[in-house]
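Asks: return atomic coordinates for the entry below.
(4 chains)
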Number of protein chains: 2
Amino acid sequence: MTEPIGRRERKKAATRQKIADAALRLFRERGFDAVGIRDVAAEADVAVTTVFSHFASKEALVFDQDRDFEQGLVRAVSERAPQEGLVSALHRELRAQVRHCTSDDARPAGSIIEASPALQEYEKAMRLRHADSLAAAVAGELGLAEPSTACRALARFVVDAFQLAREAPDPDAALDEVFRMIESAWAAQAAAREPIGRRRSAASSSAGGR
Amino acid sequence: MTEPIGRRERKKAATRQKIADAALRLFRERGFDAVGIRDVAAEADVAVTTVFSHFASKEALVFDQDRDFEQGLVRAVSERAPQEGLVSALHRELRAQVRHCTSDDARPAGSIIEASPALQEYEKAMRLRHADSLAAAVAGELGLAEPSTACRALARFVVDAFQLAREAPDPDAALDEVFRMIESAWAAQAAAREPIGRRRSAASSSAGGR
DNA sequence: ACCGTAATGCTAACGGTTAGTGTTTTGCAA
DNA sequence: TTGCAAAACACTAACCGTTAGCATTACGGT
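Replies: Next comes the predicted model:
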């Protein structure tokens, strides 16, 4: 499944890793803003253009492995248990993500981001793009051709919940609190859509396991 | 109230206006990305450094008068009618703002922003900052020393509502829809905070005038 | 062995932004 | 009026992220 790789791809991956390692090391030592792309390239012993052939931007050097977030959200809604509510599934997924981010401080990226306002801005913009993906996934789950306003709103709220939870002193409690609000908001939207009638297979009910 | 201004401040304001006008003219003619700061400076007949002494960035040249949004939100909560609900006041304010943005296409900023993805990113990041101001205002209105999680969530949701409404084919309807969700979310949060007891002077109820 | 191509390198540049350094203009007081 | 400090402005030169252009090397399939 991950074997048919030749020397070429191995070398490419090695170069990429060498760059990422060098960047992380320098960022931790001197801080994100005090390290130039040219420094990273020199430390990794590659050309500047090679850095940009592996990473789209300087910020992408920090958010290298952070594709998990977007994928996690989309999978949480598409692969959830048959009768589990959309919001509940997202609640569980985000609880796991928040814990992974806050507890695993060993991950050096966290401290680097906290030390650079520029990086925090970048992260927020990135999460907004994730919200669009989530909105599309939710719309698909509901059988809609394109995301409705309610889908988009839900997706935004969920991403907001993640960010608010991470900034809060007690992330778990904050996440639960915001998700109570989201749960209610989603229910109100569903009620307005179906005045009186049969419910969809997926209704609501907040996450249980704690 | 706006009189005790000397020649110095008048000249400074004139220079600022001259720069803003020149920038807007060039942006409209050639597009945001095709105009350099050096072009703007030349057109306004000032030095590049002077441009940056009046505007923090190239993007700020476009979002010059857009302090209205932030101020409007804060004033909507602080200067609302005594018995009007927080969410209702914000709903009314945003309805006005959305209409002002969508109808008043004469304002040249709108078309410039639509033509540049970079500007749209910048705008989203800007709105997030506005959410923090709104959260602080809401917290103050509730007698809290610092914004609680619920305040921050409400502020985020409100800003989300604005952006979603502007992107929607029917902005007014989308705004109403998202605000139904927000209203419900806020009510759920209030209920969780006061299990059973007297209500605050400001409760809820959605905006009426339409 | 051969050729197309992906990966990397080097140089130079573009555009936003800033530091350093003067020069003019303005407000204010002696 | 004169003198002076500060603000506003100009000019130069650079820094930094990013990209284009082109040369070179290493690899993979034929």
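Asks: what's the helix or strand of chain A with the lowest mean pLDDT in contact with?
Replies: Every helix and strand in chain A was compared by mean pLDDT, DSSP states H and E; the lowest is helix A:108-114, with a mean of 85. For helix A:108-114, contacts defined as CB atoms under 8 Å, 6 or more residues apart in numbering or on different chains pick out A:24, A:27-28, A:31-32, A:62-63, A:66, A:101, A:104-105, A:119-120, A:123. (C-beta placed from N, C-alpha, C; glycine too.)
Asks: what comes up buried for it?
Replies: Across helix A:108-114, burial judged by 16 or more other CB atoms under 10 Å in any protein chain shown covers A:109, A:112-113.
Asks: mind checking how far A:Ala20 is from DNA strand C?
Replies: 12 Å (CB to the nearest atom of the strand, to the nearest Å).
Asks: same question for A:Phe162.
Replies: Counting by CB to the nearest atom of the strand - A:Phe162 and DNA strand C are separated by 28 Å.
Asks: quick one: what helix or strand has that residue in it?
Replies: Here A:Phe162, judged by DSSP states H and E, is contained in helix A:149-167.
Asks: can you classify A:Arg80 by secondary structure?
Replies: coil (DSSP: H, G, I helix; E, B strand; the rest coil).
Asks: list the residues that contact the spatially closest residue to A:Leu164 that is not a sequence neighbour.
Replies: Once flanking residues are discounted, A:Leu164 sits nearest to B:Arg152: 5.3 Å by CB to CB, 6 or more residues apart in numbering or on different chains. B:Arg152 makes contacts with A:164, A:167, B:131-132, B:135, as judged by CB under 8 Å, 6+ apart.
Asks: what sits against the residue positioned nearest the centre of chain A?
Replies: Nearest to the geometric centre of chain A sits A:Phe69, at 2.7 Å (CA atoms, centre = their mean). Contacts for A:Phe69 (CB under 8 Å, 6+ apart) come out as A:97, A:127, A:130, A:162.
Asks: near the last one, how many other residues are there?
Replies: What it means is A:Phe162. 23 (other CB atoms under 10 Å in any protein chain shown).
Asks: hmm, it is touching A:His100, no?
Replies: No. Taking CB atoms under 8 Å as the definition, A:Phe162 is not a contact partner of A:His100, at 11.3 Å.
Asks: where does A:Ala34 fall, helix, sheet strand or coil?
Replies: A:Ala34 ends up coil, using three-state DSSP.
Asks: list, one by one, the residues from chain A near DNA strand D.
Replies: A:6-9, A:11, A:35-38, A:48-49, A:52, A:56-59 (CB under 7 Å from any atom of the strand).
Asks: of the residues you listed, buried ones?
Replies: If we count by 16+ other CB under 10 Å, those have these buried: A:35, A:58-59.
Asks: between those residues, which is closest to chain B?
Replies: Among those, A:Glu59 lies closest to chain B (CB to the nearest CB), at 12.6 Å.
Asks: quick one, helices of chain A?
Replies: A:7-30, A:37-44, A:48-54, A:68-78, A:86-103, A:108-114, A:117-141, A:149-167, A:171-193 (DSSP state H).
Asks: any idea which of those helices scores lowest on pLDDT?
Replies: For the helices of chain A, mean pLDDT drops lowest on helix A:108-114, to a mean of 85.
Asks: convert the C-alpha atoms of it to CSV, please.
Replies: Only the C-alpha atoms of helix A:108-114 are listed here, as CSV (Å, rounded to 0.1, in the frame of the first residue of the first chain):
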residue,chain,number,x,y,z
PRO,A,108,6.6,22.0,18.6
ALA,A,109,4.3,23.7,16.2
GLY,A,110,2.0,24.8,19.0
SER,A,111,4.5,27.0,20.8
ILE,A,112,5.8,28.4,17.6
ILE,A,113,2.3,29.5,16.5
GLU,A,114,1.5,31.0,19.9
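Asks: the contacts of B:Arg152: which two are farthest apart?
Replies: A:Glu167 and B:Ala131 (12.0 Å; CB to CB).
Asks: tell me which of the two has more neighbours.
Replies: Taking other CB under 10 Å, A:Glu167 and B:Ala131 do not tie; B:Ala131 has more neighbours (22 against 12).
Asks: contacting residues for the more buried one?
Replies: So B:Ala131 contacts B:152, B:155-156, B:158-159 (CB under 8 Å, 6+ apart).
Asks: next, the angle from the helix holding A:Phe162 to helix A:171-193.
Replies: Here helix A:149-167 runs at an angle of 170 degrees relative to helix A:171-193 (axes from the mean of the first three to the mean of the last three CA atoms, to 10 degrees).
Asks: that older thread, with distance to chain B and pLDDT added, can I get the buried ones among the residues of chain A next to DNA strand D in TSV?
Replies: Formatted as TSV, those follow (distance: CB to the nearest CB, whole Å; pLDDT from 0 to 100):
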residue	distance to chain B	pLDDT
A:Val35	22	97
A:Lys58	16	97
A:Glu59	13	96
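Asks: using a markdown table, lay out those together with distance to DNA strand C.
Replies: Shown next, in a markdown table, are those (distance: CB to the nearest atom of the strand, whole Å):
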| residue | distance to DNA strand C |
| --- | --- |
| A:Val35 | 16 |
| A:Lys58 | 12 |
| A:Glu59 | 15 |
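Asks: any idea how far B:Arg80 is from A:Gly36?
Replies: 50 Å (CB to CB, to the nearest Å).
Asks: again with A:Arg156
Replies: Taking CB to CB, one finds A:Arg156 at 25 Å from B:Arg80.
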